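Okay, here's the prediction I keep looking at, along with the sequence it came from:
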Amino acid sequence: MNTICRNFVFFFLLFILSSNVIKGQNAVYNKSDSLIYEDYIKTFSKDEKKPFSDVIINTAKYLLEKPYVASTLEVSDNEALVVNLRELDCATFVENCIALSGIIKSGSQSFDDYCDLLTYIRYRDGEVDGYASRLHYTSDWAYENEKKGILKNISGETGGQVILKTINFMSTHPQSYKHLRDNKVNIAGIKKTEDSINGRKAYTVIPTSAIPVSSKDIQNGDIVAFATSAGGLDYSHAGIAYWENEQLHFIHASSKMKKVVIEQKTLFEYCKDSGSCTGISIFRINN
């Protein structure tokens, strides 16, 4: 799929109709996941004409209280699309909110369509082609999904500053990753991705101190990525912006709370109180 559409619904309709899309790709899931999906569709199927921001917030709230579980995508020895709506980490929570909302807005609501859209969001060029084809780094995930027309990085428009940082954590810490341990092929693939990221020279982050001023430009449903001071990493967490009582919070799969929650702290307070957060980047879904 080479067509880039600024309208998410139009993009998705082209996506599911494209002859280049492999329908019904092999997916790893269990019966509970399909039942959750069916219940979600039953709950929100009539929301097709609602604004995307409303749909994604309702989707995020639908997933509240789901357990936080790390590394849910590492269950298969060979890389495959993993569908897990029972347990979420911060990245799979965000991806599923986008994919589920896109399904509702498209009006094409089969489980295969959902799997295909999730694949398109999660993998480079929308194809499962080994471990390195998964978009592991958030900056790379955002870059590739902006090329696909799914989202726009608005960080520079909301007070962001260019950050120069070498990204290499995965290739320099292979023992921290199940599919990199003693696997030279996967390490080489990840190193190639890191070289590509670093070749872009920079990424844009709104400093923590600037969040109160920038908040006025952040909308319900925007994707929030939390930049980190950790060496070799771009971002360490992600969630979905949510305005509550005229204050900017966010919804996320919290490792601290061990479940999906509406964060009690404001976005600014959360970053300020973190020992490693250096700021945020904002990605807005095209709709």
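Structure's in. What do you need? Residues are numbered from 1 along each chain as shown.

Just after the least confident helix or strand in the chain by mean pLDDT, pick out the following helix or strand.
Using mean pLDDT, DSSP states H and E, the weakest-scoring helix or strand in the chain turns out to be helix 8-17, at a mean of 49. Sequence-wise, the next helix or strand downstream of helix 8-17 (DSSP states H and E) is strand 27-28.

next helix or strand past that next one?
Assignment by DSSP H and E places the next element after strand 27-28 at helix 31-44.

Now that next one: buried residues?
Asp33, Ile36, Tyr37, Tyr40, Ile41, Phe44 (16 or more other Cβ atoms under 10 Å). C-beta coordinates here come from the backbone N, C-alpha and C atoms, glycine included.

Likewise for stretch 233-247?
So for stretch 233-247, counting by 16+ other Cβ under 10 Å, buried means Leu233, Asp234, Tyr235, Ser236, His237, Ala238, Gly239, Ile240, Ala241, Tyr242, Trp243.

just stretch 100-109 next, same as before
So stretch 100-109, judged by 16+ other Cβ under 10 Å, has buried residues Leu100, Ser101, Gly102, Ile103, Ile104, Lys105, Ser106, Ser108, Gln109.

Please apply the same query to stretch 201-217.
Going by 16+ other Cβ under 10 Å, stretch 201-217 has these buried residues: Tyr203, Thr204, Val205, Ile206, Pro207, Thr208, Ala210, Ile211, Ser214, Ser215.

what sits up against the helix or strand harbouring the second one?
Right, Thr204. Using DSSP H and E, the element containing Thr204 is strand 203-207. Strand 203-207 is contacted from outside by 139, 153, 155-156, 158-163, 165, 214, 227, 234, 278-282, using Cβ atoms under 8 Å, 6 or more residues apart in numbering.

Please indicate which of those are buried?
Buried among the contacts of strand 203-207 (16+ other Cβ under 10 Å): 139, 153, 155, 158-160, 163, 165, 214, 227, 234, 278-282.

which residue ranges form the helices in the stretch 51-200 of the chain?
Assigned by DSSP state H, counting those that start in this stretch, the stretch 51-200 of the chain shows helices spanning 52-62, 90-106, 111-122, 138-147, 169-172, 184-199.

now could you export just the CA positions of the second one as CSV?
As requested, C-alpha coordinates have been extracted for helix 90-106 and formatted as CSV (Å, rounded to 0.1, in the frame of the first residue of the first chain):
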residue,chain,number,x,y,z
CYS,A,90,1.8,0.6,27.2
ALA,A,91,2.6,0.0,23.5
THR,A,92,0.0,-2.7,22.8
PHE,A,93,-2.6,-0.6,24.6
VAL,A,94,-2.0,2.4,22.3
GLU,A,95,-1.8,0.2,19.1
ASN,A,96,-5.0,-1.6,20.0
CYS,A,97,-6.8,1.7,20.7
ILE,A,98,-5.9,3.0,17.3
ALA,A,99,-6.7,-0.3,15.5
LEU,A,100,-10.0,-0.9,17.3
SER,A,101,-11.1,2.7,16.7
GLY,A,102,-10.1,2.6,13.1
ILE,A,103,-12.3,-0.5,12.7
ILE,A,104,-15.3,1.2,14.2
LYS,A,105,-14.8,4.3,12.0
SER,A,106,-14.3,2.2,8.8
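
Who are the packing partners of it?
helix 8-17, helix 31-44, helix 52-62, helix 111-122, strand 235-244, strand 247-254 (3 or more Cβ pairs under 8 Å, 6 or more residues apart in numbering; DSSP states H and E).
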